[in-house]
Structures are given as structure tokens and as C-alpha cells.
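In: Predicted structure and sequence below. I'll ask about it afterward.
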Amino acid sequence: MDARAAEADASGPTVVFTQVALDVDATGRVVKAEPDAQLAPVLREPARKAAMGWRFAPITEHGKAVAGTTYANMRLCLVPDGDAFNVAADLIGNGPGTVQSARIPLLPPPPKGLPEGVEFSAKVRYQVKPDGRATLQYAELADPMQQARNGTTWRRHVSQWLSKRRFMPEVVNGTPVATVVDLPLTYELRGLGSLQEVQRKVAERNAEHAQQVCRVAAGEAQNRAVAVDSRFTRAGEG
């Protein structure tokens, strides 16, 4: 995440996404929280403080509770308050950590040949191995017609994208472990129009999204898991 994202528009709520490494002890308590180094310094302490308050269900191996490390995806909602701002944090899932690279996009490429003006949903499932590499298990477009036309080629592109990515595996009792991750996707292919029109639409959608996420961060919605089989489960979740 670019630290410049923290330069919030004082006219309304702003949402910042970040990743936080969590060391969890044998009781499920977070004993260390390390926000992503790219997070703006002014937000690092609120992010760390929020993460330190989370609890996980204890992990057991051979009947004994053990410690470990997982990576949390966090949303920070910044709400202007005079010359300062209030910050609310929301955990949107935990699992393997993401190693960011300027050369590799965070999301797989959209399918080629799809018509403009239509929204397409897709789902990707992959497994992060203990060595930080990942293998694709599933990639499919939700629309059966588009899947039949473009699904095979798109799956190949997703597999190529994933082969270039690297992750930080979760660690249980000092040993890196494999974790399966679901990645739901939505592609919106629209005509660009003028630069001013694009900027206006982006600003409108960002503002709407910020309002929604701020409601989530305030506790009006439950958190959603990202990893399918992570052994780190928030205390109280099923």
C-alpha cells in the first residue's frame, strides 16, 4: 500500500488497506503486530493497537496448544474530526502474507475479449505452499457462456500470474504450513471516455465504497475469512 493513501480527503471518510503480521501465542492472544512497512507512519500505531486486541482460538498439536504467525488483511477507516481524524479498524480476513512487487499486479488479468459495459464475476482458489510459492486449484468465470468461450485461456493466464507471485506462509509451532486461499473477483470493463469523466466516476465510487467500509469498521457487519483452511480462527467465529 502506498503511504500517500493516508493523505485523506478532509471532506469525507477515506479507506486504507494494509497487511499486518501477527504473532499469536498458545492461548490465542496476539503478542506482536507488525503493520506493513509501506503504511503511513501516522496510521501504524492505530493499526498495531487494533490488531493487538484481536483474539484467536488456540491451535493444538498432539494435544498441546502451540503458537504461530498469520497475516491479517486490515481496513482502516479515516473520518475527519477537525484538524485530525478518527480511525476505525476492521479485520477482513487472515491467512498467508502477500509479498508485493511493482512488477507483478496484485490481481490476475481480466479475461480478454469480454464486451464493455458488463460486470463479470470470477473465483480463484490457490494453495500457498510452505516455501511461499502457490499453485492454482481453481479459476472460473461465473457466467457459463463466458466461461465456455474464455475460461480455458483465462485459467492459463491466471496460472502464469500466480506462478510469479510469492507469499509469506502461515507458521504453526515454528513450521511453515500450506494454506488454501479463495480470491473472489469482479471485473468491470467500461469504455474510458474522457479523462475528466473517468476521474469523476472513480471519485464517486471511492466515496461510496468508503462510506460502506466505514459502516463495516464501525461494527455493522461481520468479518469475512479469506483463507479457506487457515488454522488461525478468530475467537468466537464458527
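Out: Arrived safely.
In: Geometric centre of the protein: which residue is closest?
Out: Within the chain, the residue whose C-alpha comes closest to the C-alpha centroid is residue 73; the distance, by CA atoms, centre = their mean, is 4.8 Å.
In: Does it fall in a helix, a strand, or a coil region?
Out: Using DSSP: H, G, I helix; E, B strand; the rest coil as the criterion, the local structure at residue 73 reads strand.
In: quick one, what contacts it?
Out: With contacts taken as CB atoms under 8 Å, 6 or more residues apart in numbering, residue 73 has the following neighbours: 17, 18, 19, 91, 92, 93, 94, 226. (Each C-beta comes from the backbone N, C-alpha and C, glycine too.)
In: Please apply the same query to residue 147.
Out: For residue 147, the set of contacting residues under the criterion of CB under 8 Å, 6+ apart consists of 140, 141.
In: Just the pLDDT at it, thanks.
Out: Looking at residue 147, its pLDDT is 92.
In: List the buried residues for the strand or helix carrying it?
Out: With secondary structure defined by DSSP states H and E, residue 147 is part of helix 144-164. In terms of neighbour count (16 or more other CB atoms under 10 Å), helix 144-164 has its buried residues at 146, 147, 150, 151, 154, 155, 157, 158, 159, 161, 162.
In: who's the residue nearest to the centre of the chain bridged to?
Out: Residue 73 has these beta-bridge partners by DSSP bridges: residue 19, residue 93.
In: Next, count neighbours for the residue nearest to residue 54 when sequence neighbours are not counted.
Out: Taking CB to CB, 6 or more residues apart in numbering, and ignoring the residues beside it in sequence, residue 54 has residue 30 as its nearest neighbour in space, at 5.4 Å. A total of 19 residues lie near residue 30 under the criterion other CB atoms under 10 Å.
In: Touching, residue 30 and residue 50? I think so.
Out: No - assessed by CB atoms under 8 Å, residue 30 is found out of contact with residue 50, at 10.0 Å.
In: residues touching residue 179, list them.
Out: Counting by CB under 8 Å, 6+ apart, residue 179 touches 95, 96, 127, 128, 169, 170, 227, 228, 229, 230.
In: Check the gap between the second one and residue 82 for me.
Out: Residue 96 is 40 Å from residue 82, where distance means CB to CB, to the nearest Å.
In: Which one's more surrounded, those two?
Out: Counting neighbours by other CB under 10 Å for residue 96 and for residue 82 shows that residue 96 has the greater number, 26 against 6.
In: Please list all residues in contact with the more buried one.
Out: For residue 96, the contacting residues are 71, 128, 132, 167, 168, 169, 170, 179, 181, 227, by CB under 8 Å, 6+ apart.
In: One more pass at 10 Å, please.
Out: Under the criterion of CB atoms under 10 Å, 6 or more residues apart in numbering, the contact list for residue 96 reads 70-71, 126-129, 132, 134, 167-170, 176-181, 226-227, 230.
In: Please list only the buried members of these.
Out: Neighbour counting with 16+ other CB under 10 Å marks 70-71, 126-129, 134, 167-170, 176-177, 179-181, 226-227, 230 as buried within these.
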